[in-house]
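Asks: Quick one: sequence plus predicted model below, questions after.
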Amino acid sequence: MRCLSIDRGHSIAELSQLINKSIPNVTGEINCLMNSGLVIEQGLAPSTGGRRAQRFAMNVAQLPYVFSIAIDQYYTSFALLDISGHLVGTIHNQYNPLKDTESAYGQLLESCHRIMAKHNDKHICTIGVSMPGFIDSQTGTNNSYPISDSFHNLKQGLEIAFDIPVVIENDSAAIAMAEKSFGEQKSARDLLVVNLNWGVGLGIIIDGKLFKGHSGHAGEFSHIPLADTELLCSCGKRGCLEVSASLKVALAAVKQRMDRGEASSLRATYDQNDVISIDEFIYAVNSGDQLAVEEAQKIAGMLGKGIATLIHIINPEYIIISGRGAKMDAILLPEIQIAIQKYAIPRIARFTKIIISTMEHPQLIGTYAVAIQEFDFSTLTAHSLATILPNQ
């Protein structure tokens, strides 16, 4: 069921390979799931020269939803997805900065209650949450916050509030799961996904699986000491990549230059609101605004320097640039390639392809994928199968 959820339709032979069970065993299980109404026929697979195989899929109309919550430093997005990852209804976005965690936690709970109330005709089987920080997904804690903070024990807090199983994961790891589950390179065994957002994150897929390291904190790409400055990072250390290669840094530099009187198409917005949003900055970059383009080139060059380091260490098949910053693809890719030419050994770098993701809402989708990976499907099958297997 997990394979059918994330990978959509499959034939008996494909499922047999995916879960390493014999075709007769898989056939028997599929027949039981079909009789219980949990799985349906999806049509015939493409022809490979012989008889076309029947494909099977989850019967999403009879199955509950997954509630996906994607949190970053300033915004939180909410979405309901069916069991196979299709969006149900609209995505809800909320400005909810994490600086005041008590207020942010209260707003988070209020939004969850409101959105769930709109869909009370359909059961929610699990809640997936992704956010920045040192996430221990096994304990459900975010160790970037003190034990007394509500965001430290976010999993426990949400489970108490809603009586629904909760899975929590780092935002960049979730985005990597989105690319591995639904991206154009999902068949790749080894890929790295760089999350260019307010900070710079990294999700690692090794041998087809999310790699998290010994204590679950692998991928802290933004804290590699590669910056050309000794500016203090949010982690408390100096010289981290994040202080030279994040959208937050680019926005700050644009505002500083406008404060000095430099011209930009962002001037009117800045003068009126005293702030510039990421979306406004990206639009200015893609529209050719000189000041915005120059700052985007700077962070892309530093990002490329960091990527050269990753190539030497991991030697991945693909490196995918995702997150909000991926929409600056016309600027990012050339600058990253120039940096790789400058800092990476060519005979190693030539085996890695750099790709800009085109996926919409990757963190929400990846959060769904993480939740499904951890979901106990026996909670769905126990009652349904009991009607056709009374002695089991």
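Replies: Structure received. Numbering: from 1, shown residues only.

Asks: any idea how far residue 108 is from residue 24?
Replies: For residue 24, the distance to residue 108 equals 48 Å [Cβ to Cβ, to the nearest Å]. Every C-beta, even on glycine, is put in place using the N, C-alpha and C of the backbone.

Asks: before we move on, what about residue 69?
Replies: In this view, residue 69 and residue 108 are 8 Å apart by Cβ to Cβ.

Asks: Need the overlap of contacts for those two.
Replies: Contact criterion Cβ atoms under 8 Å, 6 or more residues apart in numbering; residues shared by residue 69 and residue 108: residue 76.

Asks: what sits against the residue nearest the centre of the chain?
Replies: Nearest to the mean C-alpha position of the chain, by Cα atoms, centre = their mean, lies residue 175 at 1.9 Å. Residues in contact with residue 175 (Cβ under 8 Å, 6+ apart) are 193, 195, 201, 203, 322, 323, 362, 363, 366.

Asks: longest helix of this protein?
Replies: As assigned by DSSP state H, the longest helix anywhere in the chain is helix 290-314.

Asks: Give me the neighbour count for the closest residue to residue 63 other than its chain neighbours.
Replies: Nearest non-adjacent residue to residue 63, counting by Cβ to Cβ, 6 or more residues apart in numbering: residue 83, 4.3 Å away. Using other Cβ atoms under 10 Å, residue 83 has 26 neighbouring residues.

Asks: for residue 110, same thing?
Replies: By the other Cβ under 10 Å criterion, the neighbourhood of residue 110 contains 11 residues.

Asks: would it count as being in a helix?
Replies: Yes: assignment of residue 110 by DSSP: H, G, I helix; E, B strand; the rest coil places it within a helix.

Asks: Would you pull up how far the longest helix of the chain lies from the middle of the chain?
Replies: 21 Å (Cα atoms, centre = their mean, to the nearest Å).

Asks: Walk me through the domains of this protein.
Replies: 2-61, 65-171+365-383, 184-358 (automatic domain parsing).

Asks: correct me, but residue 336 touches residue 306?
Replies: No: counting by Cβ atoms under 8 Å, residue 306 is not a contact partner of residue 336; they are 9.6 Å apart.

Asks: sorry, back to before: helix or strand right after the longest helix of the chain?
Replies: strand 318-322 (DSSP states H and E).

Asks: Dump the C-alpha coordinates for that next one into PDB.
Replies: The C-alpha trace of strand 318-322 is given here as PDB (Å, rounded to 0.1, in the frame of the first residue of the first chain):
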ATOM      1  CA  TYR A 318      22.400  14.500  -9.700                       C
ATOM      2  CA  ILE A 319      22.300  17.700  -7.600                       C
ATOM      3  CA  ILE A 320      18.900  19.300  -7.700                       C
ATOM      4  CA  ILE A 321      18.400  23.000  -6.700                       C
ATOM      5  CA  SER A 322      14.900  23.300  -5.100                       C
END
